[in-house]
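**Q** Sequence unavailable; structure follows:
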């Protein structure tokens, strides 16, 4: 019998269930935290990227002569200087490191410059002469499959059908609609940045802000033509991610320049380049039809979903699967017909963003539920409760939901919350338009809206989803101390805190140090899919269990729970590394979309209260309340922070955030014209956190970060509809959608 956590933790604080101070918190608040853009090397040069001004064009020639003549320039590189494979990609290796004969989106990298100063690099970059033959871009996601092929296999990235029940079912009450979701940006505050340092063994050390060290390592090594062991990555300070750092940006470029020049090379994007340099949320067009009986019980749901993947695939295949399998929402429906297509266009590449396919579908199916409630003369919350799935429900894929699914309970919680007081014209900050002094209450109408959504947690469809953790226990200066080491990226979500909490709980050690995250240990997987607390937390917990086994062996014939830990350890160093996996999933049937594709489901519900100036089309979100089941709140304060943050991004998509693309060209690549919610835009939030444990997960945890993004957007739009009486089938809702001008 081995030691249990309960036998070790009696005198330890800051374990699971508490909210200890983040180890990086004070530094970030004081502005002293070292982000990737702060990296420095005495002998470093600066890299810059020449990007295509056209969304679709053939490259006729590239002349580097004038750029190479600029004093201080060390190198100017094109695709001919890529020593390995000039292709990379998360799921399909379809994206060039540097463009060869064709550019497929505005901003595609064409050439690199390395120089002794960033301004020198920029000056030289502008002297590169590229002759383009401009081509007509493919920009319509609904017709792209039949348009000019942008890749050898055509423009279809993936089609996922989901078929369940009677495909010809009929219903007494039928509503249908066409919905659109604009292109949202992750809008992280820390731009893409990193430092590549050439090594004596002919390899390279890359210090980088990323979400997935090992996938970066594999793609960089292939492009450089180097073995994995010669490409070493260390995580640098990450200023936000939300999916936008899962793909490569400047990783290979910096390494190419470093190896070509023999000098450490730093690259940092400015804000405009950041908009061009990472993927965005997929825009979507969604056609839905819902059929119900007179009591409101859903009979069937039919959906046709188009997702614009842009010029390269990125994670479009997985986003398509999510939109299809989650496309009916958290409702029991016997008869389902869903088709989801992801396509190539010459619009900016799209990939992972918080909510990952479920956001687009959620806006459509929740809009449909409101439309159905209106057709039936039912309360929209009551309609949702009539159809709410619960534990034991069967998904459209045939998968049984085998842990808590408290959809009805979440809806009741948000509905029963007290309403905020009526608006007052005494404080302009309470009015739509704020201190712009557009109104003192005239023309302002209040509306209330509700929405609920679901999200899969962790990777799906049979992907080998695991994490590696190393835990070392020893006595330092007479005190037991532990080290934890993983390659799981801390991107601001608080994973370093969670790992400390787990080690304290499992080993009864107050002093816990988290080593820098790097590729010196096995894969930690991506910081995405709300998976790290589940999977890396599970790995750390399992490594601690292995350490406890060793402690039990050390105790010999003694009662280990009665022993002093420092005395028991003595000079012994216990070091255990564990690779931990969650339960297996399986691929979807390609014809029917049936299969146990997902590990776990997360649920959240929102109630939004808005004030709308119906004359000017201005919206003030007065309150945005949420109820969410998190399985187990390992860190209650961090859980609330994740719910607030996810809701803020949902608010942004509802009323302000959109990359505006016309003819494949981005019109607003700046924070002047791409608007994100500020502290004045975020309303008060009353949050109910349920802890209904998932028996299959470590500590019963359920992913937290993504579900609130899914339900917040449709709740806000529902509230605007209630205030205005307008259909509002597109997000973000703009003033002209309300005023009709």
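**A** Perfect, thanks for sending it. Since the model is a prediction, treat every value here as computed from it, not as a measurement. Numbering: from 1, shown residues only.

**Q** and residue 34, how many residues sit next to it?
**A** Residue 34 has 12 neighbours, counted by other C-beta atoms under 10 Å. The way it works is simple: take the backbone N, C-alpha and C, and place the C-beta from them, glycine included.

**Q** is it true that residue 429 lies in a helix?
**A** Yes: under DSSP: H, G, I helix; E, B strand; the rest coil, residue 429 falls within a helix.

**Q** Identify the residue spatially nearest to it, adjacent ones excluded.
**A** Spatially, and ignoring its direct neighbours in sequence, residue 429 is nearest to residue 435 (6.3 Å; C-beta to C-beta, 6 or more residues apart in numbering).

**Q** Now the one you found: phi and psi?
**A** Here is the backbone geometry of residue 435 (degrees, to the nearest 10): phi -80, psi 10.

**Q** so what pLDDT did it get?
**A** Turning to residue 435, the model gives it a pLDDT of 88.

**Q** shift numbering so it begins at 46
**A** All right, first residue 46 from here; so that's residue 480.

**Q** From residue 472, how far off is it?
**A** Applying C-beta to C-beta, to the nearest Å, the value for residue 480 to residue 472 is 9 Å.

**Q** next one: residue 623
**A** On the measure of C-beta to C-beta, residue 623 and residue 472 end up 55 Å apart.

**Q** now do residue 369
**A** Distance from residue 369 to residue 472, by C-beta to C-beta: 46 Å.

**Q** got it, and residue 543?
**A** Residue 543 sits 39 Å away from residue 472 when distances are taken as C-beta to C-beta.

**Q** go on, residue 417?
**A** Look at residue 417 and residue 472: by C-beta to C-beta, they are 38 Å apart.

**Q** Those two - which one has more neighbours?
**A** Counting neighbours by other C-beta under 10 Å for residue 417 and for residue 472 shows that residue 417 has the greater number, 23 against 10.

**Q** contacting residues around that one?
**A** Residues in contact with residue 417, defined by C-beta atoms under 8 Å, 6 or more residues apart in numbering, are 218, 220, 335, 337, 341, 428.

**Q** out of those, which are inside strands?
**A** Using DSSP state E, the subset of these located in strands is 218, 220, 335, 337.

**Q** Buried subset of these, written for ChimeraX?
**A** Filtering the ones in strands among the contacts of residue 417 down to the buried ones (16 or more other C-beta atoms under 10 Å) takes a single ChimeraX command:
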select :220,335,337
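
**Q** would you turn the ones in strands among the contacts of residue 417 into CSV with pLDDT and distance to residue 381?
**A** Output for these, formatted as CSV (pLDDT from 0 to 100; distance: C-beta to C-beta, whole Å):
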residue, pLDDT, distance to residue 381
218, 98, 17
220, 98, 16
335, 98, 11
337, 98, 14
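
**Q** Switch the ones in strands among the contacts of residue 417 over to a markdown table; also include distance to residue 650.
**A** A markdown table is the format used below for the ones in strands among the contacts of residue 417 (distance: C-beta to C-beta, whole Å):
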| residue | distance to residue 650 |
| --- | --- |
| 218 | 24 |
| 220 | 21 |
| 335 | 19 |
| 337 | 20 |
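
**Q** between the ones in strands among the contacts of residue 417, which is nearest residue 324?
**A** Nearest to residue 324 out of the ones in strands among the contacts of residue 417 is residue 335 (C-beta to C-beta; 31.4 Å).

**Q** pretty sure that closest one contacts residue 343?
**A** Yes: counting by C-beta atoms under 8 Å, residue 343 is a contact partner of residue 335 at 6.6 Å.

**Q** what residue ranges in the stretch 46-195 of the chain score low on pLDDT?
**A** 46-48, 51-55 (pLDDT under 70).

**Q** again, but for the chain
**A** Where the chain drops to pLDDT under 70, the residues are 46-48, 51-55, 470, 602, 604-607.

**Q** Show me what the longest helix seen in it is packed against.
**A** Identified as the longest helix of the chain according to DSSP state H is helix 577-600. Counting contacts by 3 or more C-beta pairs under 8 Å, 6 or more residues apart in numbering; DSSP states H and E, helix 577-600 is packed against strand 511-521, strand 524-531, helix 540-552, helix 610-614, strand 619-626.

**Q** what's the most buried one of the ones you listed?
**A** Among the helices and strands packed on helix 577-600, helix 540-552 has the highest mean neighbour count (mean count of other C-beta atoms under 10 Å), at a mean of 25.

**Q** Now do that one: everything it contacts.
**A** Here helix 540-552 has contacts from 50, 53-54, 57-61, 63, 65, 67-69, 516, 518, 525, 527, 529, 531, 533-535, 554-555, 557, 559, 572, 577-578, 581-582, 585-586, 589-590, 592-593, 679-680, 683, using C-beta under 8 Å, 6+ apart.

**Q** which residues touch the following helix or strand past it?
**A** Scanning forward in sequence from helix 540-552 by DSSP states H and E, the next helix or strand is strand 556-559. Strand 556-559 has contacts (C-beta under 8 Å, 6+ apart) with 68, 521, 524-530, 541, 544-545, 548-549.

**Q** got it, and stretch 611-623?
**A** Residues contacting stretch 611-623 (C-beta under 8 Å, 6+ apart): 513-520, 523-525, 566-567, 584, 587-588, 591-592, 595-596, 599-600, 605.

**Q** and it, how far apart are its ends?
**A** Counting by C-alpha to C-alpha, to the nearest Å, you get 24 Å between the two ends of stretch 611-623.

**Q** Over to stretch 124-137?
**A** 19 Å.

**Q** chain center to that stretch, what's the gap?
**A** Centroid displacement of stretch 124-137 relative to its chain, using C-alpha atoms, centre = their mean, to the nearest Å, is 25 Å.

**Q** With stretch 276-294 instead?
**A** 12 Å.

**Q** cool, stretch 495-510 as well?
**A** Chain-centre distance of stretch 495-510: 12 Å, with C-alpha atoms, centre = their mean.

**Q** List the buried residues for that stretch?
**A** By neighbour count with 16+ other C-beta under 10 Å, stretch 495-510 contains the buried residues 495-506, 508, 510.

**Q** which one of the residues you listed is nearest residue 406?
**A** Taking C-beta to C-beta as the measure, residue 406 sits nearest to residue 498 out of the buried residues of stretch 495-510, at 8.7 Å.

**Q** helices or strands up against the helix or strand encompassing that closest one?
**A** Using DSSP H and E, residue 498 maps to strand 489-502. Packed against strand 489-502 by the contact rule (3+ C-beta pairs under 8 Å, 6+ apart) you find helix 403-421, helix 425-432, helix 452-460, strand 645-658, helix 752-769.

**Q** what do you get if the cut-off is 6 Å, keeping everything else the same?
**A** Judged by 3 or more C-beta pairs under 6 Å, 6 or more residues apart in numbering; DSSP states H and E, the packing partners of strand 489-502 are helix 403-421, strand 645-658, helix 752-769.

**Q** Please list all residues in contact with residue 373.
**A** Applying C-beta atoms under 6 Å, 6 or more residues apart in numbering, we find residue 373 in contact with 346, 381, 441.

**Q** Phi first, then psi, for it.
**A** Phi and psi for residue 373, reported as degrees, to the nearest 10, are phi -90, psi -20.

**Q** repeat for residue 237
**A** Dihedral angles (degrees, to the nearest 10) for residue 237: phi -60, psi 130.

**Q** For residue 568, see how far away residue 534 is.
**A** Taken as C-beta to C-beta, the spacing of residue 534 relative to residue 568 amounts to 11 Å.

**Q** Compare these two (neighbour count), which wins?
**A** The residue with more neighbours, out of residue 534 and residue 568, is residue 534; 28 against 20, by other C-beta under 10 Å.
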